[in-house]
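**Q** Turn this into a model:
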Amino acid sequence: MSDWQPTASLANLKLRAELLAKLRQFFAARGILEVDTPALSRAGATDRHIHSFRIDAPRALYLHTSPEFPMKRLLASGSGDIYQLCKVFRSGEAGRHHNPEFTMLEWYRVGFDHHQLMAEVAVLIGGLIPELDPPEYLTYREAFQKHAGFDVTQASSKECIAALTRDGRQVPAEDQLDHDGWLDMVAGDLVYPALGKGRLTFIYNYPASQAALARIWPGEPPVAERFEAFIHGVELVNGFHELADAAEQRRRFEADRTYRREQGLMDVPMDERLLAALGHGLPDCAGVALGFDRLVMIAAGARSIDEVIAFPADRA
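**A** Below is the predicted model of the structure:
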């Protein structure tokens, strides 16, 4: 058996350790508390696009896909600014930029909105990868206009299909995807791969229908106070001006569970402790998750995260 050896070089493992140390220095300098929360929960991820690992021993438990929910319970308990570096687990994620077990950095800033947190993300990543050009900021609408050639606020599924098939792509039948599904396909095929050429590119103000765990800004049209950031077409971060309304969060969880059942996906229980914490009162805050393995991959100039993880899933 020859696959006992690591897939990452010693140089990349050393770089990984250096970046971890710099991350902790960054947060220590800002007085942000490092916390440690459980990897197992009685609740799973209801998100439509993220799938939990379930463990039955002796009762159903789920490996966390993010430390977000227990971190929000800490925030509601008065922790103040916090961060966490931890392993998270997502079923079905494998590929050049994916591993079912990966390292996530997540942090929350009390009193910040998503714009302030984007600025802090830019400072952090700029310090870790100093050769990058100054960051770029685009709204979701501007990104689609620039890289897909149409106005997303007025787009129909036919416009999405026309943009996708311009270069001969094969796409599903029109009735196979809902409106957000078509937007996701355009984003994944045309918009996101074009972002972050030599710099960090932020996309913010997503459609309200893609709010996930973000607040809604009641403009015309309303938008989700959410952002993502990319380098060389690779998504690195996903952040929100955090939703604090327990009733609205429950409604979104229920809608996601209904979708999962209709699609034949594993149904998972909602995190009632998170909902209780939101009911108690979450401070006004913004939070962000960063894929640490992808960050190391970009810093190392690697083509795959297997080059910066000692033992990916197929060698675990």
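
**Q** mind checking the SS state of D167?
**A** coil (DSSP: H, G, I helix; E, B strand; the rest coil).

**Q** can you count the residues close to it?
**A** Using other C-beta atoms under 10 Å, D167 has 8 other residues around it. In short, each C-beta sits where N, CA and C put it, glycine included.

**Q** Look up how far A143 lies from it.
**A** Look at D167 and A143: by C-beta to C-beta, to the nearest Å, they are 18 Å apart.

**Q** Kindly report the same for M1.
**A** 47 Å.

**Q** Equivalent analysis for Y192, please.
**A** 8 Å.

**Q** So between the two, which is more surrounded?
**A** A143 (25 against 20).

**Q** what helix or strand is the residue nearest the centre of the chain on?
**A** Centrality entry for the chain: nearest residue to the mean C-alpha point is N238, 3.7 Å, by C-alpha atoms, centre = their mean. Secondary structure from DSSP states H and E places N238 in strand 234-241.

**Q** Against which helices or strands is the longest helix seen in the chain packed?
**A** Longest among the helix segments of the chain by residue count, using DSSP state H, is helix 10-29. Judged by 3 or more C-beta pairs under 8 Å, 6 or more residues apart in numbering; DSSP states H and E, the packing partners of helix 10-29 are strand 82-89, helix 114-128, helix 292-300.

**Q** Report the distance from the helix or strand just after the first one to the chain centre.
**A** It refers to strand 82-89. Sequence-wise, the next helix or strand downstream of strand 82-89 (DSSP H and E) is strand 101-110. Relative to its parent chain, strand 101-110 has a centroid offset of 9 Å by C-alpha atoms, centre = their mean, to the nearest Å.

**Q** so what does strand 101-110 touch, helix or strand wise?
**A** Against strand 101-110 (3+ C-beta pairs under 8 Å, 6+ apart) you get helix 68-76, strand 82-89, helix 114-128, strand 285-291, helix 292-300.

**Q** Could you rerun that using 7 Å?
**A** helix 68-76, strand 82-89, strand 285-291, helix 292-300 (3 or more C-beta pairs under 7 Å, 6 or more residues apart in numbering; DSSP states H and E).

**Q** Tell me how far the last one lies from the chain's centre.
**A** The gap between the average C-alpha position of helix 292-300 and the chain average comes to 15 Å, counting by C-alpha atoms, centre = their mean.

**Q** Just the C-alphas of that helix, formatted as PDB.
**A** What follows is helix 292-300, C-alpha atoms only, in PDB (Å, rounded to 0.1, in the frame of the first residue of the first chain):
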ATOM      1  CA  PHE A 292      -9.100  27.900   5.200                       C
ATOM      2  CA  ASP A 293      -7.900  25.000   2.900                       C
ATOM      3  CA  ARG A 294      -8.900  27.100  -0.200                       C
ATOM      4  CA  LEU A 295      -7.000  30.100   1.300                       C
ATOM      5  CA  VAL A 296      -3.900  28.000   1.700                       C
ATOM      6  CA  MET A 297      -4.300  26.500  -1.800                       C
ATOM      7  CA  ILE A 298      -4.300  30.100  -3.300                       C
ATOM      8  CA  ALA A 299      -1.400  31.300  -1.100                       C
ATOM      9  CA  ALA A 300       0.600  28.200  -2.200                       C
END
